[in-house]
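>>> Give me a model of this one.
(chains A and B)
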Amino acid sequence: MLRSTELGIKRRIPVGCRQGGRGVCKVQVFEGTYRTRVMSRAHVTREDQDHGRVLACCIWPTSDLRIRVLGCTKKVEFRVSQGEHICQ
Amino acid sequence: MSMTGVMRPGHCSLRVLDMEAAVKHYTEVVGLLETDRDEKGRVYLKAWDEQDHHSIILREADIPGADYIAFKVDNKATLERLAKAVSAFGCKVDDIPAGELKATGERIRFEIPTGHHVELYAEKKRVGNGMGDVNPPPWPDGLKGMQPTRMDHWQIHGVDLDGSVELFTKVLGFGLSERVLDGDRLMAAFLTCSTKPHDIAFIRDEELQDRFHHVAFYLNSWEEVLRAADIISKKNVSLDIGPTRHGITRGQTIYFFDPSGNRNEVFSGGYIYYPDSPTITWTMEELGRAIFYHIRELNERFMTVMT
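Below is the predicted model:
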């Protein structure tokens, strides 16, 4: 998902390593479904993952999502539609 | 000067989130050779022109980063001498028995002032570079990816920069080839135990200890750096920055991430450092040029994204 936002569709999620290692792109997913890949437990605990706090570079939306960027000083919320998952 | 004492970076253990993806990256993208696996599931790799059994160890874990970095010393007497000296400096020294890593003799491991775990060892099985020692060809057949000749150096960050630099220069015998100063305050130190411009780089972190910035592999030319950049795009690898040149060390470089978010560098160039070479100083107002000589400004990700 991060890749689609990085390409300019949203451009609102900070980009780190794009590989689940650093936690720069952590988001809170409020609504919607997605697939995940493995990500660093230093930044996403099991509890985080159970509550939708995940790394944008490691999720593939399977429906439209409503998300908020974490680790940002200002509150950034937006929708990501299902077609936007071009993550590497 | 003949090279004595600490000779060179020898190996490092990298934590990876997905072993299969990591092995594919390090063998097919970077172009290292897999040399072994062990009963703990660790995978051993080397660059093609390295003579010893391995220089990279991959270990599957749920947090990426580096477990330890290791330098090879010239003999067992040096290992014993440095174990005592490091202990006298104030670091707790642990003995790791021979065979804990495959093909590797006894190691000592200690935590340095910046919080990283550093090892020294004197013996590792020599497997050669596949071309023999008599009338060898210049390079082997069948290589993949970027094809670096060796694992070259690491960059690591921590709070007690002065402590780690003191340990490396006064106890382990490293030279200070280049540094970044903010007024009188040391912000970065590039240290060498050889004739390379750096064998390890330390950067000050104002808050966090034991940060791993990157492991670097050496390429023979700028042309090979450009080819590495082609491979990064061709194989859809996560790019950090480059190709470009560093002011510090003069290296021609490109940075990218492995599938667990550990940063890799491949680079070429540099210069010869001798024990009587002057220490080159970079000032904070020229930091952009020091790090990225062409764009002359720092990118935030390069300074903050670490495992």
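>>> which residue packs closest to the closest residue to chain B within chain A, ignoring adjacent ones?
Residue nearest to chain B within chain A: residue A:21 (1.5 Å; C-beta to the nearest C-beta). Every C-beta, even on glycine, is put in place using the N, C-alpha and C of the backbone. Ranked by C-beta to C-beta, 6 or more residues apart in numbering or on different chains and with sequence neighbours excluded, the top spatial neighbour of residue A:21 is residue B:261, at 1.5 Å.
>>> Test my guess that that neighbour contacts residue A:37.
No: judged on C-beta atoms under 8 Å, residue B:261 makes no contact with residue A:37 at a distance of 11.8 Å.
>>> list the residues that contact both of these two?
Here residue B:261 and residue A:37 have residue A:20 as joint contacts, going by C-beta atoms under 8 Å, 6 or more residues apart in numbering or on different chains.
>>> So between these two, which is more surrounded?
A count of neighbours by other C-beta atoms under 10 Å in any protein chain shown puts residue B:261 above the other of residue B:261 and residue A:37, at 30 against 16.
>>> what about the more buried one, which SS state?
Look at residue B:261: counting by DSSP: H, G, I helix; E, B strand; the rest coil, its state is coil.
>>> Quick check: it vs residue B:88, distance?
Between residue B:261 and residue B:88 the distance is 37 Å, computed by C-beta to C-beta, to the nearest Å.
>>> got any ranges where chain A has weak pLDDT?
A:3-11, A:71-77, A:82-88 (pLDDT under 70).
>>> residues from it in reach of chain B?
Contact residues (C-beta under 8 Å from any C-beta of the partner chain) of chain A with chain B: A:15-22, A:24, A:37-42, A:88.
>>> Next one: the residue in chain B that chain A sits nearest to relative to residue B:117, how far apart?
Chain B approaches chain A most closely through residue B:261 (1.5 Å), counting by C-beta to the nearest C-beta. Distance of residue B:261 to residue B:117, given as C-beta to C-beta: 20 Å.
>>> that older thread, for the residue of chain B closest to chain A, which residues are in contact?
For residue B:261, the contact set (C-beta under 8 Å, 6+ apart) comprises A:16, A:17, A:18, A:19, A:20, A:21, A:22, A:40, B:17, B:64, B:305, B:307.
>>> now residue B:78
Residue B:78 makes contact with B:4, B:5, B:6, B:122 under the criterion C-beta under 8 Å, 6+ apart.
>>> Which residues are in contact with the residue nearest to the spatial centre of chain A?
Among the residues of chain A, the one closest to the centroid is residue A:56, at 2.0 Å (C-alpha atoms, centre = their mean). Listed by C-beta under 8 Å, 6+ apart, the contact set of residue A:56 reads A:1, A:2, A:5, A:13, A:25, A:26, A:27, A:67.
>>> residues touching the last one, list them.
This points to residue A:67. Applying C-beta under 8 Å, 6+ apart, we find residue A:67 in contact with A:27, A:28, A:29, A:30, A:56, A:77, A:78, A:79, A:80.
>>> So it, which state does it fall into?
Per three-state DSSP, the secondary structure class of residue A:67 is strand.
>>> Next, residue B:50: phi, psi?
The phi/psi pair for residue B:50 (degrees, to the nearest 10) reads phi -80, psi 140.
>>> Go ahead and confirm it touches residue B:129.
Yes: the pair residue B:50 / residue B:129 is scored as a contact, 6.9 Å apart, by C-beta under 8 Å.
>>> who has more neighbours, the two?
The residue with more neighbours, out of residue B:50 and residue B:129, is residue B:50; 25 against 18, by other C-beta under 10 Å.
>>> Leaving out sequence neighbours, find the closest residue to that one.
Closest to residue B:50 by C-beta to C-beta, 6+ apart is residue B:150, at 5.4 Å.
>>> From the structure, what's the count of residues near residue 55?
Going with chain A. Using other C-beta under 10 Å, residue A:55 has 31 neighbouring residues.
>>> I was after chain B.
For residue B:55, the neighbour count with other C-beta under 10 Å is 25.
>>> In chain A, what residue spans correspond to strands?
Along chain A, counting by DSSP state E, strands occupy A:26-31, A:34-36, A:53-55, A:59-61, A:65-69, A:76-80.
>>> quick one, which of those is packed in tightest?
strand A:53-55 (a mean of 24; mean count of other C-beta atoms under 10 Å in any protein chain shown).
>>> partners of that one in the sheet?
Strand A:53-55 has the following strand partners under DSSP bridges: strand A:26-31 (antiparallel).
>>> so the strand it pairs with versus strand A:65-69, what angle?
Strand A:26-31 runs at 150 degrees relative to strand A:65-69, counting by axes from the mean of the first three to the mean of the last three C-alpha atoms, to 10 degrees.
>>> Just the CA atoms of strand A:26-31, as CSV, please.
Provided in CSV are the C-alpha atoms of strand A:26-31 (Å, rounded to 0.1, in the frame of the first residue of the first chain):
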residue,chain,number,x,y,z
LYS,A,26,3.0,3.0,10.8
VAL,A,27,-0.7,3.6,10.3
GLN,A,28,-3.9,2.9,12.2
VAL,A,29,-6.5,1.1,10.1
PHE,A,30,-10.0,2.0,11.3
GLU,A,31,-12.1,0.3,8.6
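>>> so residue B:68 makes contact with residue B:119?
Yes: using C-beta under 8 Å, residue B:68 makes contact with residue B:119 at a distance of 5.3 Å.
>>> what residues are shared contacts of the two?
In contact with both residue B:68 and residue B:119: residue B:109, using C-beta under 8 Å, 6+ apart.
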